[in-house]
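In: attaching a predicted model along with its sequence, questions to come.
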Amino acid sequence: MVMEDDRKYFAENETILGLKIDVDTWRGTIMGLPSLANMLQEEGIRATFFLTIGPDNMGKHIWRLVKPKFFLKMLRGNAAKLYGFDILFKGFLWPGPDIGTNLKEILRMPLHHNHEVALHAYDHYKWQTRISKMCAEEVKLDNLKAFERWKNIFGGALPRAAGSPGWQLSEEWLDFADSKYCSSILYRSDSRGSVFGYPEFGRKVYEKLQIPTTLPTYDEVIGRNGVTNENYNEYILSLIEPGQLNVLTIHAESEGIACFDMFKDFVKACKDKNIKIVPLGDIYNKIKDTKRVVRLHMEQIPGRDGKVAIVSKK
Ligand SMILES: [Zn+2]
């Protein structure tokens, strides 16, 4: 397979940054999403909001506290301050509140502010922890439930993009993504890596274009290798290059709440450096004619628990 040069799609003298905003929880939806949608609009910037539209059971993560590695990560990132104690306990002792039935207006807000919306999860906790274990039937039922809910929120429309939680993928998940049920979905963003393309996983090449997150997330780098809140923006900016794919994932729960001011400074710094922030749909429009096939595999990355989907050159 001949590897096309990124320069065909990204001008050498232009720096583009795709902005993916993951909204994982009730709190992130109610507090982080509106702040980010408003601030970005005021700055004249569009982004893609990846929405969670079912129950918020993220408090079930609390059971992971028994795992020492996760506990260290929570301490390093000061998770209680970052996410709030309410997130840490949601769905732990009682069923979590349903985001999609109660917060429809807020979920529609990105569209009203000219942003793009994409499907992130129905039940974020369940999908993040179970995608690798779900059989084809469960994958189908869960996704169809998500599509019904999406239609209910967005006036009968189906999602045009999707990205699974925690960069989790499986053969069953990718098979479903290529099925007739997903014909409205133009691209997926559920991997890490620096190359876009059609993912080859196992013995199959899948038909949905994959746009990976190229940059590390806040919780992956903070407190490691000398990265602090003081130099975090500078560090991320140093990783963004002209003439290539750059995609940053932020979280409504962190950059939309506790790290909001820092992220606002980041947006301003991007403007000063002529870095153009765009929704992932704009990147899709640039690269959609590609025939590039990329290798997809599951691997552990620094600062993150468990394996995530990685795309790399074939
Ligand atoms: Zn997420």
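Out: Nice, thanks for sending it over.
In: next, count neighbours for residue 267.
Out: Other residues within reach of residue 267 by the criterion other CB atoms under 10 Å amount to 20. Quick note: C-beta positions are derived from backbone N, CA and C, even for glycine.
In: hmm, I typed the wrong one, I wanted residue 5.
Out: 9.
In: same deal with residue 44?
Out: With other CB under 10 Å as criterion, residue 44 counts 9.
In: list the residues that contact it.
Out: Shown in contact with residue 44 (CB atoms under 8 Å, 6 or more residues apart in numbering): no residues.
In: what about it, which SS state?
Out: Of the three states, residue 44 takes coil according to DSSP: H, G, I helix; E, B strand; the rest coil.
In: and it, what pLDDT?
Out: As summarised for this prediction, residue 44 has a pLDDT of 97.
In: next one: residue 94
Out: 59.
In: hang on, residue 225 in a helix?
Out: No. Assessed by three-state DSSP, residue 225 does not belong to a helix; its assignment is coil.
In: please begin residue numbering at 752 from this point
Out: Understood, numbering begins at 752; the last thing we discussed is residue 976.
In: and it, how far is that from residue 1053?
Out: Look at residue 976 and residue 1053: by CB to CB, to the nearest Å, they are 9 Å apart.
In: then residue 943?
Out: 11 Å.
In: repeat that for residue 801.
Out: Spatial separation of residue 801 from residue 1053 under the definition CB to CB is 22 Å.
In: which one's more surrounded, those two?
Out: Residue environment comparison for residue 801 versus residue 1053 gives the larger neighbour count to residue 801, 28 against 9, counting by other CB under 10 Å.
In: okay, and that one sits in which element?
Out: Counting by DSSP states H and E, the secondary-structure element that holds residue 801 is strand 799-803.
In: list the helices and strands that strand packs on?
Out: Contacting strand 799-803 under the criterion 3 or more CB pairs under 8 Å, 6 or more residues apart in numbering; DSSP states H and E are the following elements: strand 766-774, helix 784-793, strand 867-872.
In: got JSON lines for the ones you listed, with distance to residue 997 and mean neighbour count too?
Out: What follows is the helices and strands packed on strand 799-803, written out as JSON lines (distance: least, CB to CB, whole Å; neighbours: other CB atoms under 10 Å):
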{"stretch": "strand 766-774", "distance to residue 997": "5", "mean neighbour count": "25"}
{"stretch": "helix 784-793", "distance to residue 997": "17", "mean neighbour count": "19"}
{"stretch": "strand 867-872", "distance to residue 997": "17", "mean neighbour count": "25"}
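In: what's next to the helix or strand containing residue 892, contact-wise?
Out: When elements are assigned from DSSP H and E, residue 892 belongs to helix 887-904. In this structure, residues lying in contact with helix 887-904 by CB under 8 Å, 6+ apart are 804-805, 851, 855, 858-859, 870, 872-874, 877-878, 882, 885, 908-910, 921, 923-924, 926-927, 930, 932-933.
In: how far away is the nearest residue to residue 940 once chain neighbours are set aside from residue 992?
Out: The shortest distance from residue 940 to any residue that is not its chain neighbour, by CB to CB, 6 or more residues apart in numbering, is 4.0 Å, and that residue is residue 914. Residue 914 is 22 Å from residue 992, where distance means CB to CB.
In: higher neighbour count, these two?
Out: Between residue 914 and residue 992, counting by other CB under 10 Å, residue 914 is the more crowded of the two (24 against 14).
In: correct me if wrong: that one contacts residue 771.
Out: Yes. Residue 914 is in contact with residue 771 according to CB atoms under 8 Å; the separation is 6.9 Å.
In: common neighbours of these two, please.
Out: Counting by CB under 8 Å, 6+ apart, the contacts common to residue 914 and residue 771 are 801, 940.
In: burial count for residue 898?
Out: As a burial measure, residue 898 scores 20 neighbours (other CB under 10 Å).
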